[in-house]
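Peer 1: Next input, structure requested:
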Amino acid sequence: MDDLKNPRFAIPVVLFAGILWSFGPYVVRNIDQPETVPWQYLFTRGFVIFTLLNVYLYFDEGKNFLANYKRIGLSGLIGGAGLAIAMITFIWSITNTTAAVTLLCLAAMPFITALLGFLFLKESISFSVWVAIIIATIGIVIMAFGNHEKNTLAGFILGLTSATGFSIFSVSLRWRKETPKFTTVALAGFICLIVSLGVLISNDSNILSTGKNESLFALHGTLVCLGLILYSIASKNIPAAELTLLSLTEVIGGIFWVWLPWLGINEIPSTNTIIGGFLIFLSIFYYSLLIKNNRRFIALN
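Peer 2: Numbers count the residues shown, from 1 in each chain. You can find the predicted model right below:
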């Protein structure tokens with residue numbers, strides 16, 4: 001683990017974490033009729049995330065990891081709820097629009113987080129960051145105009161809702177830095193599990209889907225957990241500027257895997273999505289340059 005204090009080793013590990021996450025949309029695209037089993041997906045994925053993270057915490061901290069749930073506090077509850085909303089709206093978004101639209105909405109998270117921090121934590125936003133936010137907003141608006149069909153527009157709105165949920169999680173950690181972060185993520189998985197179970201029982205639906213679908217649900221949850229653990233271990237000594245750019249591997253990879261013809265999906269983004277996405281990438285690159293000299297760290301430690 002000491003090697004990961006050296007960015008030469010830590011950066012490839014963070015990149016690999018992003019690549020693991022990037023396979024999420026491809027996994028979802030291989031689910032049989034995913035739009036008909038969103039709650040089964042959320043139940044299994046939530047169960048896997050909750051279980052694997054608690055197993056990891058047990059091996060990392062021993063039985064003391066249970067004390068984290070006593071320390072979670074209001075900030076952890078808000079963060080867990082925000083993350084659960086992000087997880088729930090992600091599956092509804094990606095099954096109603098292209099993976100590119102959903103992922104590019106998620107790429108806007110740094111700016112949504114900045115706005116929420118400004119509104120609720122009174123964190124200042126410099127003029128240059130406002131410029132980056134405006135550029136990203138223009139990109140999002142262009143994407144919206146290119147997704148005017150009923151279901152596609154709903155997927156776009158749900159993608160922004162998912163990004164906002166992730167941003168609420170991030171802001172909750174800034175609000176109370178001693179909040180146990182992994183435990184908050186595990187709580188989000190548990191909320192997804194309970195909410196989806198309640199919906200399935202109230203609708204008299206099957207709790208589990210087919211064997212193939214259940215395997216894919218569990219695989220996605222495992223990818224999320226493994227990526228999160230690797231990201232947390234390696235990112236503690238990488239400044240925010242680098243992490244902001246490295247996080248783009250998830251977005252670019254996710255779009256690439258569902259487009260790559262020989263993988264069987266061949267999902268081609270629309271012209272407006274490409275233009276809007278380019279502006280979002282440009283704003284993130286500009287944002288990273290702005291904080292290049294800021295040695296703050298944003299790992300889940």
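Peer 1: pretty sure V131 is touching Y287, no?
Peer 2: No - using Cβ atoms under 8 Å, V131 is not in contact with Y287, being 9.3 Å away. (Each C-beta comes from the backbone N, C-alpha and C, glycine too.)
Peer 1: Between those two, which is the more surrounded one?
Peer 2: A side-by-side neighbour count of V131 and Y287, using other Cβ atoms under 10 Å, places Y287 first with 24 against 14.
Peer 1: Now the more buried one: closest residue in space that isn't a chain neighbour?
Peer 2: With Cβ to Cβ, 6 or more residues apart in numbering as the criterion, Y287 has its nearest non-adjacent residue at 4.4 Å, and that residue is A132.
Peer 1: swap in F47?
Peer 2: L193 (5.2 Å).
Peer 1: can you count the residues close to the one you found?
Peer 2: Using other Cβ under 10 Å, L193 is surrounded by 21 other residues.
Peer 1: helix or strand for it, which one?
Peer 2: L193 is part of helix 181-202 when elements are defined by DSSP states H and E.
Peer 1: Point out the other elements, helices or strands, that that helix touches.
Peer 2: helix 38-61, helix 73-94, helix 150-175, helix 211-234 (3 or more Cβ pairs under 8 Å, 6 or more residues apart in numbering; DSSP states H and E).
Peer 1: any idea of the mean pLDDT in it?
Peer 2: Throughout helix 181-202, pLDDT has a mean value of 95.
Peer 1: how about that helix as PDB, C-alpha atoms only?
Peer 2: Presented in PDB, the C-alpha positions along helix 181-202 are these (Å, rounded to 0.1, in the frame of the first residue of the first chain):
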ATOM      1  CA  LYS A 181     -17.700   7.700   3.900                       C
ATOM      2  CA  PHE A 182     -17.800   4.000   3.100                       C
ATOM      3  CA  THR A 183     -20.500   3.400   5.600                       C
ATOM      4  CA  THR A 184     -22.500   6.200   4.000                       C
ATOM      5  CA  VAL A 185     -22.200   4.400   0.600                       C
ATOM      6  CA  ALA A 186     -23.200   1.100   2.300                       C
ATOM      7  CA  LEU A 187     -26.200   2.900   3.800                       C
ATOM      8  CA  ALA A 188     -27.200   4.100   0.300                       C
ATOM      9  CA  GLY A 189     -27.100   0.400  -0.900                       C
ATOM     10  CA  PHE A 190     -29.300  -0.600   2.000                       C
ATOM     11  CA  ILE A 191     -31.800   2.200   1.200                       C
ATOM     12  CA  CYS A 192     -32.000   1.000  -2.400                       C
ATOM     13  CA  LEU A 193     -32.500  -2.600  -1.100                       C
ATOM     14  CA  ILE A 194     -35.300  -1.600   1.300                       C
ATOM     15  CA  VAL A 195     -37.100   0.800  -1.100                       C
ATOM     16  CA  SER A 196     -37.000  -1.600  -4.000                       C
ATOM     17  CA  LEU A 197     -38.200  -4.500  -1.800                       C
ATOM     18  CA  GLY A 198     -41.100  -2.400  -0.600                       C
ATOM     19  CA  VAL A 199     -42.100  -1.500  -4.200                       C
ATOM     20  CA  LEU A 200     -41.800  -5.100  -5.400                       C
ATOM     21  CA  ILE A 201     -43.900  -6.400  -2.500                       C
ATOM     22  CA  SER A 202     -46.600  -3.700  -2.800                       C
END
